[in-house]
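In: return a 3D structure for these sequence lines:
(chains A and B)
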Amino acid sequence: GAVVSQHPSWVICKSGTSVKIECRSLDFQATTMFWYRQFPKQSLMLMATSNEGSKATYEQGVEKDKFLINHASLTLSTLTVTSAHPEDSSFYICSARDLTGGDTQYFGPGTRLTVL
Amino acid sequence: QQQVKQSPQSLIVQKGGISIINCAYENTAFDYFPWYQQFPGKGPALLIAIRPDVSEKKEGRFTISFNKSAKQFSLHIMDSQPGDSATYFCAARSAGTASKLTFGTGTRLQVTL
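Out: Modelled structure (predicted):
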């Protein structure tokens, strides 16, 4: 299947700093990418839908000014957690939809964020 | 209703047995039903998916059964192996290039020796 990569796989930062997570679709172009957050032993919670060349669509309750999403190209989307706090510590997973390859949605390996 | 209800929450199956996980949905606009497998610390991986024009799809040891009238679908893992121990999520999505997956709550499967 298609591959979606994320970088970094884990990151530790101090409270108040910003962290950027990259998501790339390696072998297909993705006009739409999705960012999820997952707490331990829970399901995936959609944070926002990232659209190439336009503004992201955020789910209700997700602070758009805190979680900045940029979808600069058909293969790259970034999530920046601004002014991170310990409660932002979580597992962040991106996903990309391959519209030409069976319309399948593939997930990245995730990024573990720990805010001290 | 966008909710997808998944059961059981956890499941213990002996090696060689059949693991069955069930999901139910309300939104009749859903037309794509994937199952994902997730190991600890990893992202979900697509296992198998079905569309409502068929009632069953099989790929190796994994089978999806789909009941459109009951709005239910299930995952069957035949000859379960310890390596199948993971969390399984069902999901559903409606048509449209911008539509989103709605996930079930997940089932933690443990396959014992």
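
In: shaky segments in chain A?
Out: For chain A, the stretches flagged by pLDDT under 70 are A:1, A:101-102.

In: for chain B, what are the nearby residues on it?
Out: Residues of chain A found near chain B (Cβ under 8 Å from any Cβ of the partner chain) are A:1, A:4, A:6, A:31-32, A:34, A:41-44, A:46, A:49, A:51, A:91, A:93, A:95, A:97, A:99, A:103-110, A:112. (C-beta placed from N, C-alpha, C; glycine too.)

In: okay, and the beta partners of the residue of chain A found nearest chain B?
Out: Taking Cβ to the nearest Cβ, chain B has its nearest neighbour within chain A at A:Phe107, 4.1 Å off. Assessed by DSSP bridges, A:Phe107 has beta-bridge partners A:Ser95.

In: shouldn't it be in contact with B:Pro44?
Out: Yes - when contacts are counted by Cβ atoms under 8 Å, A:Phe107 is listed as touching B:Pro44 (4.7 Å).

In: which of these two has more residues huddled nearby?
Out: Each of A:Phe107 and B:Pro44 has its neighbours counted (other Cβ atoms under 10 Å in any protein chain shown); B:Pro44 has more, 31 against 23.

In: how about the more buried one: what's its closest non-neighbour residue?
Out: Nearest residue to B:Pro44 in three dimensions, chain neighbours excluded: B:Tyr36, at 3.7 Å (Cβ to Cβ, 6 or more residues apart in numbering or on different chains).
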